[in-house]
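S.K.: sequence and predicted structure below; questions after.
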Amino acid sequence: MGRLPVVGILHESDEAALIKILTEPKNALVKQYQKKFDFDAVKLRFTEDALRGVARQALQRKVARAA
C-alpha cells in the first residue's frame, strides 16, 4: 500500500518567505546542493541576489501559489 503526498497552501508566499524556505529548513534545497558540491571538493555559495532571483522566478511562474 502506498501513500499519496498531499500539498496544501494556506496563503500565497512572498519573496522573503520563499528565500526562507530555500535556506532555513534542515533539508533546504540550498543546503542539499552545497552538500552535493562538497563531495567534489567544491564550495558552492549562493549570493543574496541569486536567492532573490530564484524566488522571483518562482513567483512569476506561480510555483508558490494555490491552484
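M.R.: Received it, and whenever you're ready, just let me know what you need. Worth saying up front: this structure is predicted, and the values here are computed from it rather than measured.
S.K.: buried residues, stretch 23-37. List them.
M.R.: Neighbour-count burial for stretch 23-37, with 16 or more other C-beta atoms under 10 Å as criterion, is recorded at Val30. To be clear about C-beta, it is placed using only N, CA and C from the backbone, and glycine gets the same treatment.
S.K.: ugh, typo on my part, it should be stretch 5-25
M.R.: So, applying 16+ other C-beta under 10 Å, buried residues of stretch 5-25: 13, 15, 18-19, 21-22.
S.K.: roughly how far does Leu22 sit from Ala41?
M.R.: 24 Å (C-beta to C-beta, to the nearest Å).
S.K.: so Phe37 makes contact with Lys31?
M.R.: No - using C-beta atoms under 8 Å, Phe37 is not in contact with Lys31; the gap is 11.0 Å.
S.K.: and Leu18, what's its pLDDT?
M.R.: Looking at Leu18, its pLDDT is 92.
S.K.: for the residue nearest to it when sequence neighbours are not counted, give me its contacts.
M.R.: Setting aside the residues directly before and after it, Leu18 is nearest to Ala55 in space (C-beta to C-beta, 6 or more residues apart in numbering), at 3.9 Å. For Ala55, the contact set (C-beta atoms under 8 Å, 6 or more residues apart in numbering) comprises 15-16, 18-19, 22.
S.K.: helix or strand: which one has Ala55?
M.R.: helix 48-60 (DSSP states H and E).
S.K.: residue nearest the centroid of this protein?
M.R.: Leu22 (3.2 Å; C-alpha atoms, centre = their mean).
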